[in-house]
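> Here is the input, now give the coordinates:
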Amino acid sequence: MRRDTALMLVLLLLGFGCSTERDPRDLLAPGQVGVIVVDAQLVVGKSMPRIRLAETQAPDQPYVRGMAGLDGASVEVRSSEGDVIRYGPTSAEPGMYGATDAPSGYLVRPHTTYALRVEAADGRVVTAETTTPDLFTVRDWLLLDDTGLTVRRRLATRADFGGDGDSVYLAASNQLVYQDGLVEARFDGGGAQGYQIGLVSLDAGSPIVIEADFLGPEELARLERETSWPPVDATDASMRLPWYSVFFEGRYDIKIFSLDRNWYDLSRSIQSFGGSTIGFGSTAGDDFERPIFHVNGGIGLFGSASMDETGVTIHPRP
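Next comes the predicted model:
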């Protein structure tokens with residue numbers, strides 16, 4: 001998942017603030033500046049993520065990324081199993097923190113509660129908590145016909161090649177023609193707040209696959225190589241590839257995320273982020289005036305997910 005998320009950029013640009021009330025309509029108060037913003041997503045089975053901290057900026061002033069970062073903070077994450085992961089600043093950019101003191105080889109664990117505590121240099125404290133979902137596995141990746149009623153074939157996964165990362169893109173079963181058939185992931189529902197699909201185009205510079213006669217150079221330049229679709233409820237046990245989020249030819253990773261409450265609530269309550277960045281969007285029919293943040297003393301996201309994926313190669317229509 002790309003770490004340069006739309007969440008941070010939009011919140012910082014708009015100068016959003018927060019309230020201590022939990023009504024989603026009262027959680028964001030435009031016009032406040034200097035509110036601490038948290039950006040961190042834990043993924044089960046992956047290393048502890050970097051954590052970006054920043055402060056909201058005045059909406060009537062030019063956004064300066066270097067000035068928005070919150071440096072000098074004390075940051076740590078504690079797990080319900082007694083692990084303590086301490087963070088320190090990185091050289092990546094202002095406000096970026098990485099794990100500096102953690103158990104050797106530590107990976108994010110399933111069904112575990114992680115508690116974040118941030119203390120700014122001026123004494124302000126931000127806390128947040130997430131409970132990671134259970135391990136998540138897609139039972140079948142399938143290519144259906146255009147009606148969605150008939151299975152054409154099963155798609156291969158990396159497990160079919162002993163974990164080989166590249167062979168899956170070359171598999172005959174995973175060669176897809178743009179908008180020819182429906183790609184569906186089937187899994188056992190339940191055990192999560194919701195599910196979300198993310199697409200990552202891996203071949204930088206690959207040509208577009210969409211009909212783009214109506215798009216100008218500026219619109220074409222803004223086409224994303226990482227896209228997503230709004231989350232679905234946990235009662236659903238299948239998801240289909242949104243072809244309208246595929247813009248380019250070449251290799252793609254298709255990711256399905258099993259979401260915790262924090263990630264699910266934020267992604268479904270931020271309407272303007274739909275389809276722009278993995279992990280953020282809004283569900284059709286949701287009616288939220290303000291994002292739902294599960295962060296005490298600040299705003300943003302400290303959330304978690306479990307994820308399964310496969311890889312395919314997209315070809316243009318003949």
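> Please parse this protein into its domains.
36-131, 138-259+305-315 (automatic domain parsing).
> Can you measure across the first one, start residue to end residue?
Going back to what we said before, that points to domain 36-131. With CA to CA, to the nearest Å as the measure, domain 36-131 spans 22 Å from end to end.
> Give me the distance between that domain and the centre of its chain.
Mean C-alpha position of domain 36-131 versus that of the full chain (CA atoms, centre = their mean, to the nearest Å) differs by 16 Å.
> and what of stretch 163-170?
Going by CA atoms, centre = their mean, the spacing between the C-alpha centre of stretch 163-170 and its chain's C-alpha centre is 23 Å.
> what's the first-to-last distance across it?
OK, stretch 163-170 end separation, CA to CA: 14 Å.
> Could you list the paired strands of the helix or strand hosting residue 230 along with their orientation?
Residue 230 is part of strand 226-233 when elements are defined by DSSP states H and E. Counting by DSSP bridges, the strands paired with strand 226-233 are strand 194-201 (antiparallel).
> Please enumerate the helices of this structure.
With DSSP state H as the criterion, the chain has helices at 6-14, 65-68, 167-170, 217-221, 261-269.
> circling back: can you redo the domains of the chain as JSON lines with mean neighbour count, distance to residue 290 and mean pLDDT?
Backbone N, C-alpha and C define where each C-beta goes, glycine included. Output for those, formatted as JSON lines (neighbours: other CB atoms under 10 Å; distance: least, CB to CB, whole Å; pLDDT from 0 to 100):
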{"stretch": "domain 36-131", "mean neighbour count": "17", "distance to residue 290": "14", "mean pLDDT": "91"}
{"stretch": "domain 138-259+305-315", "mean neighbour count": "17", "distance to residue 290": "17", "mean pLDDT": "91"}
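> Save those as a markdown table, and put in distance to residue 269 too.
Conversion of the domains of the chain to a markdown table gives the following (distance: least, CB to CB, whole Å):
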| stretch | distance to residue 269 |
| --- | --- |
| domain 36-131 | 16 |
| domain 138-259+305-315 | 10 |
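> Out of the ones you listed, which gets nearest to residue 295?
Among those, the nearest to residue 295 by CB to CB is domain 36-131 (4.6 Å).
> can you list the residues that contact stretch 87-106?
With contact meaning CB atoms under 8 Å, 6 or more residues apart in numbering, stretch 87-106 is reached by 47-48, 50-54, 65-71, 73, 75-77, 83-86.
> same thing but at 7 Å, please
Contacts to stretch 87-106, defined as CB atoms under 7 Å, 6 or more residues apart in numbering, come from residues 48, 50-54, 66, 68-71, 75-76, 83, 85-86.
> all strands for the stretch 201-318 of the chain, in order.
226-233, 238-240, 250-259, 295-296, 299-315 (DSSP state E, counting those that start in this stretch).
> For the fourth one, which strands pair with it and how are they oriented?
Meaning strand 295-296. strand 125-131 (antiparallel).
> Same check on the third one?
Strand 250-259 sits in its sheet next to strand 194-201 (antiparallel), strand 299-315 (antiparallel), going by DSSP bridges.
> Identify the residues contacting the closest residue to residue 233 other than its chain neighbours.
Using CB to CB, 6 or more residues apart in numbering and skipping the chain neighbours, the partner closest in space to residue 233 is residue 194 (5.5 Å). Shown in contact with residue 194 (CB under 7 Å, 6+ apart): 231-234, 259, 264.
> still on that earlier bit, could you export the strands paired with strand 250-259 as JSON lines, including distance to residue 108?
Shown next, in JSON lines, are these (distance: least, CB to CB, whole Å):
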{"stretch": "strand 194-201", "distance to residue 108": "17"}
{"stretch": "strand 299-315", "distance to residue 108": "7"}
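> which stretch among those comes nearest residue 240?
Among the strands paired with strand 250-259, the nearest to residue 240 by CB to CB is strand 194-201 (8.2 Å).
> May I have the beta-bridge partners of the residue nearest to residue 233?
residue 233, residue 259.
> And it, how close does it get to residue 249?
Residue 194 sits 31 Å away from residue 249, going by CB to CB, to the nearest Å.
> Just flag the most distant two among the contacts of stretch 87-106.
Taking CB to CB, no two of these sit farther apart than 66 and 83, at 32.5 Å.
> Residue 195 contacts residue 231, correct?
Yes. Using CB atoms under 7 Å, residue 195 is in contact with residue 231, at 6.3 Å.
> Quickly list what's touching both of those two.
With CB under 7 Å, 6+ apart, residue 195 and residue 231 have common neighbours residue 259.
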